[in-house]
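J.: Here you go, sequence then predicted model.
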Amino acid sequence: MQLWSLLLPLALLCTALASGPECGMDERSRRARRDTRHSRQLLHTAPGTCATRLARGRRSTAGLEPGHVPRRRQQREVKDEEESLTPSRALYFSGQGDQLRLKADVELPRDAFTLQVWLKAEGGQRSPAVIAGLYDKCSYTSRDRGWVLGINTVSDQGNRDPRYFFSLKTDRARKVTTIAAHRSYLPNQWVHLAATYDGRLMRLYVNGAQVATSGEQVGSIFSPLTLKCKVLMLGGNALNQNYRGYVEHFSLWRTARSQKEILLDMEQAIHRQDTPLPQLVLQDSLLNVKSTWSPMKDGSSPQTKFSYHHGYLLDTSLDPPLCGQTVCDNTDVIASYNKLPRFRRNKTVRYRVVNLYDDKHQNPTVSQQQIEFQHQHLNEAFSRYNITWELEVLEVRNSSLRHRLILANCDISKIGDENCDPECNHTLTGYDGGDCRHVRHTLFNKKKQNGVCDMDCNYERYNFDGGECCNPEITEVTKTCFDPYSPYRAYLDVNELKNILKLDGSTHLNIFFANSSEEELAGVATWPWDKEALMHLGGIVLNPSFYGIPGHTHTMIHEIGHSLGLYHVFRGISEILSCSDPCMETEPSFETGDLCRDTNPAPKHKLCGDPGPGNDTCGFHSFLNTPFSNFMSYADDDCTDSFTPNQVARMHCYLDLVYQSWQPTKKPAPVAIAPQIVARTAASVTLEWFPPIDGHFFEREVGSACDLCAEGRVLVQYAFSASSPMPCDPSGHWSPREAEGHPDVEQPCKSSVRTWSPNSAVNQHTVPPACPEPQGCYLQLEFRYPLTPESLTVWVTFVSPDWDSSGAVNDIKLLTVSGKNISLGPQNVFCDIPLTIKLDVGQVGEEVYGIQIYTLDEHLEIDAAMLSSVPHSTLCSGCKPIQYKVVRDPPFQSGSPVVISNLSRRFVDTELSDRTTYRYQVVVVSGMEESEPSPALVYISGSGYCGDGIIQIELGEECDDMNKINGDGCSLFCLQELSFNCIDEPSRCYFHDGDGVCEEFEQMTSIKDCGVYTPKGFLDQWASNVSVSHHSDQQCPGWVVIGQPAATQMCRTKVIDLNDGVSQYAWYPCTANFQYSHMTQTIFWLKAYFSQPMVAAAVLVHLVTDGTYYLDQKQETIGVQLFDTKEQSHDLGVHVLSCRNNPLIIPVIHDLSHPFYHTQAVLISFSSQFVAISGVALRSFHNFDPITISSCQQGQTYSPAEQSCVHYSCEATDCKRLEIENAELNCTGGTGWDNGAQCNVSCRTGYILQIHRDDELLKSQ
């Protein structure tokens, strides 16, 4: 195929330069240098052979597109209809003055209560947002009396980590107690909340699982005398801390319901079974609101709306692991691709090589021989893994393009920015616009405007010879024009080339060629989860010097591996943020490192053999059986020769998930998980199954919107065009284009170049605030298909610390086809939860084609926006639904599989024989094509299954709570979820970490419940006094390190700064000057003293931060010294800090050729001011002191009980009678003071046990 020259050179370059988003900034004004915001890092590729950017964190779209919503309502009856979305009536609170107050004729419980409610919360709430609360309308001095169930942030910053919470303050309590759920709430998903109080314990339940408890509050909530002062609110309070979202089935009890009773209440509410009981104060389906509730003065009532929810019993959410990106990283999905050869059957994939020629069809970028040689090696490498590549060559005849340097990884805005950027250092960039050359002072004024391009003035400093070196009438601009803002410049960014060619990326993998500068860059690939993957900006960029050249053909194989979802095999040791990174790989795993269990951990290296340890290997001392011969390593061609089975499974999964359109066949994607049993009777079994892996529910047709249609015929689309009158960063970072397509920010709440931000190109020192009041600045997003919307979702992923959850987004306007602008008003946003807005069809009433988002926060970042239509969209009405074929062995009585053509994913099999083994599989049918059969469900009729409430250990079940949903402690596969413990049958689950009860299985892991774990035979002594290098009584007092560390504090890594909140429980050198200490390598120190000098076995250091700064990859270390009773020091060496190893335990090895010594102090020194220490302990041997033992005289023996030498005697020692106030003793031996007696101590109500030794506090629990 040939593409002839279409445009003049000038037009070509102008098109390339103008092809970005609309920006309100003229070209020359872009020349002003700007200071990139302190919190932002531009993408920069470090020297190496592969510039594919690192992927961090999962995508944030899960749970928002219809058809992928996890944690659905349980036990809804599914009607046999085409659509699987069924409506029910619910109360919808808009969050704007529609909160309700319970009428006075209901007596509110005061001694104990249970509140239960079904709700579906919108993303983005006031903080706090009150779902329901009991308030005292008579008290103006204490507004927090009573209780509240709501949503609030638990982070120091007020715009992240919002959770469900339950707070309570009795009228006699001094302070309020708040308990919160174990994780952030999930927007737009039905959840059951319950809060109970029995006069002693507060408990919070989410979907029937106990997630938090507290025993701080005691006694009645209020006195009978104040009953008339109490008012129950729903949907908000008098302070307008209002909730936004749906509410169904509100009930209030005058007793604390048990977990078993709450689980039963959930079932009855779902089945609309109202059970009037005497202890039930209020049971309201909220369908007749005015009979029980009244709105606030000047307020409105919430609307009764239809709420669409799925009727399925099976939770079909398939979340990736923490270090994954998509459903192909889900461990259950990738396990199917590993186990089933049919999922890895031969696939033919198209790719297109883009070869540039001059206008005379001469001087190609690569030769035909190179192309053929590379193609041969490509198929030799992939064919054994059932992947065949089909070659197409596109010959582009264009001298203007061919004669220009195509830069692979140079950010053109860096040319001439007064910093030498190696990736831009090339002769045809004027050596980075002169930045990489020592520019001599010249007589520029004499040569200025002399009609000649003077190369010694052709630098940014001299405005590139006053523009003469970019004048085509004076010089050959393809060799002399280095000005990055000239349309005649001698070089192009590879994205500008892609914008000029605009090749369809949805039919082929496009291969482009570009040069690197002084670096040996071999290639750059697009990840399958990148928004550009199927666009003209996707594809692979290769260095033509390495393409199709013997000894370098594996470079393309390596880059294609990236395009098909493979990481470097050294990800997890190298390519991590720090040694505290949760993606660090200590052993092969599907969840960390390169997400492959058959590639051993290894650091980055280029040798053909196992590497040795290095400075960047996080303490690993040896690497054995490393995958150095893998195509995804950095070894040379004569070493690399294979992919592993796990890698092959990942590539086939991504070919099904993302790249079906690259394949000539139209075979639909399979169902990747075996069908599940959700119900059973004596004569039948009910199956449900997951959607196809690609999430498509309708047959795809060219030119239609059917691939955007979800269940319920709801059309879901992301913005496809973006613009803003605000300036654009010339590099495209933070430009409007970054808000197009699906969300791709990998770490929400941290600044990312993959977003739009108003202030991206503004010089902070010379320009006034970018978003002045009252309007601020705005981003306009347009959608491909105008539609009548039901909901809008916006991903706001970064908000300045100056703003909390409110105020940053001061308006959102809907742009209608008729020309109206409908204002939605200010919005409350969280940076880690997308903003969702339920749109009133009556208010909008017409088709919407775009939105405008206004902000007063000049640093705000917007990642993406999604517009969803009302159900039964006309754009989806003509789409043909996919069909499912249920295959059984032995076959059904008809002899044929059962075909389900109404989009239902449920089947009831009534043709069962007792004690017969059945195998069920599901096949996806699209048109005339069928997918591979799903993994098989094996079921013996009449036997147990996951979901029947009985734990079948032989089936691998750890729990069984009689449902098939995740997030309630027991997963849909009947496995206990992290930090949950489940008891009984059916299982009742509770979040055990932090519930206040120390159980045997968590003694070594839960500091919150059990304190710091001390191994048997040892004693931990916490610092009784400290001295520090930098002290401030107000900001960072050293005395906070005395005693045990705060159990509730988590260790943080890659911090931005340490605020005053940290200083309440940890010390850090807050008074140090950051810049000065960085330049001078200041040494900070903390010295901990111990009241009882002991022979040290180990030193424990508890961290709150590990010293890593978010802009610095450097790993921090500490030096540790012991000081004995003679003030002599003993060096324990230098140790790496990591939140993964917290507390840091440093063993003390004694030199047996020297006498033992008692340690009385520990000195800790370090050089990072971002190290925060919350506790230091001296671990010694319990009842064993080698120094005292060695001092025992003849006739004496060492007494472990008294820890001293005693005269040997056969007579029993009389013990002092144990007396403890406010406690009950139960001792063995009768009297309680016989030698060897053991006593159990039980504190009376309201008291806690404190153990003292030598009048110094050692431990408190």
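T.: Noted; the coordinates are in hand.

J.: Assign Arg342 to helix, strand or coil.
T.: Secondary structure, DSSP: H, G, I helix; E, B strand; the rest coil: Arg342 is helix.

J.: Find the nearest non-adjacent residue to it, please.
T.: Glu932 (4.7 Å; C-beta to C-beta, 6 or more residues apart in numbering). Every C-beta, even on glycine, is put in place using the N, C-alpha and C of the backbone.

J.: give the contact list for that neighbour.
T.: Taking C-beta atoms under 8 Å, 6 or more residues apart in numbering, we find Glu932 in contact with 340, 342-343, 345, 670, 923.

J.: So among those residues, which ones count as buried?
T.: 340, 343, 670, 923 (16 or more other C-beta atoms under 10 Å).

J.: Wait, the second one touches Arg650, no?
T.: No - in this structure, Phe343 sits apart from Arg650 without contact. The criterion is C-beta atoms under 8 Å, and the distance is 11.4 Å.

J.: Could you name every residue contacting both of the two?
T.: Joint contacts of Phe343 and Arg650 (C-beta under 8 Å, 6+ apart) are Tyr337.

J.: chain center to stretch 718-732, what's the gap?
T.: 25 Å (C-alpha atoms, centre = their mean, to the nearest Å).

J.: what's the answer for stretch 146-162, then?
T.: The answer for stretch 146-162 is 19 Å, by C-alpha atoms, centre = their mean.

J.: just use 15 as the starting number from now, easier for me
T.: Noted, 15 is the first residue going forward, which turns the last one into stretch 160-176.

J.: now for it, what's the gap between its first and last residues?
T.: 22 Å (C-alpha to C-alpha, to the nearest Å).

J.: Could you give the number of residues near Asn1254?
T.: Neighbourhood size, Asn1254 [other C-beta atoms under 10 Å]: 10.

J.: residues contacting it?
T.: Neighbouring residues of Asn1254 by C-beta under 8 Å, 6+ apart: 1239-1241.

J.: are any of those residues buried, and which?
T.: Cys1241.

J.: Which members of the contacts of Asn1254 occur in strands, if any?
T.: 1239-1241 (DSSP state E).

J.: CSV please, covering the buried ones among the contacts of Glu946 and showing pLDDT and distance to Asn369.
T.: CSV is the format used below for those (pLDDT from 0 to 100; distance: C-beta to C-beta, whole Å):
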residue, pLDDT, distance to Asn369
Leu354, 97, 39
Phe357, 97, 35
Pro684, 97, 36
Val937, 98, 42
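
J.: which of those residues lies closest to Ser820?
T.: Pro684 (45.4 Å; C-beta to C-beta).

J.: What separation do you get for that closest one and Ser350?
T.: Distance, Pro684 to Ser350, by C-beta to C-beta, to the nearest Å: 8 Å.

J.: can you list residues touching both of the two?
T.: By C-beta under 8 Å, 6+ apart, the residues touching both Pro684 and Ser350 are Phe357.

J.: Helix or strand: which one has the nearest residue to Gly983 once chain neighbours are set aside?
T.: Nearest non-adjacent residue to Gly983, counting by C-beta to C-beta, 6+ apart: Cys1003, 2.5 Å away. Assessed by DSSP states H and E, Cys1003 sits inside strand 1002-1005.

J.: hmm, who's touching that strand?
T.: Against strand 1002-1005 from outside (C-beta under 8 Å, 6+ apart): 196, 222-226, 273-274, 277, 973, 975, 982-984, 990-991, 993-997.

J.: which secondary structure elements does the longest helix seen in the chain contact?
T.: The residue-count maximum for a helix in the chain (DSSP state H) belongs to helix 382-396. In terms of contacts (3 or more C-beta pairs under 8 Å, 6 or more residues apart in numbering; DSSP states H and E), helix 382-396 is packed against strand 401-411, helix 568-577.

J.: between it and helix 568-577, how big is the angle?
T.: 50 degrees (axes from the mean of the first three to the mean of the last three C-alpha atoms, to 10 degrees).

J.: Enumerate every residue touching Pro684.
T.: Applying C-beta under 8 Å, 6+ apart, the residues near Pro684 are 357, 670, 706-707, 937-938, 945-948.

J.: Flag the shaky bits of the stretch 1065-1214 of the chain, pLDDT-wise.
T.: Low-confidence segments of the stretch 1065-1214 of the chain, defined by pLDDT under 70: 1070-1074, 1088-1094, 1124-1127, 1202-1203, 1205, 1207-1210, 1212, 1214.

J.: now swap in the stretch 415-564 of the chain and tell me
T.: Applying pLDDT under 70 to the stretch 415-564 of the chain flags the ranges 453-461, 531-534.

J.: re earlier: need the winner for burial among the helices and strands packed on helix 382-396.
T.: Mean neighbour count (mean count of other C-beta atoms under 10 Å) peaks for helix 568-577 among those, with a mean of 23.
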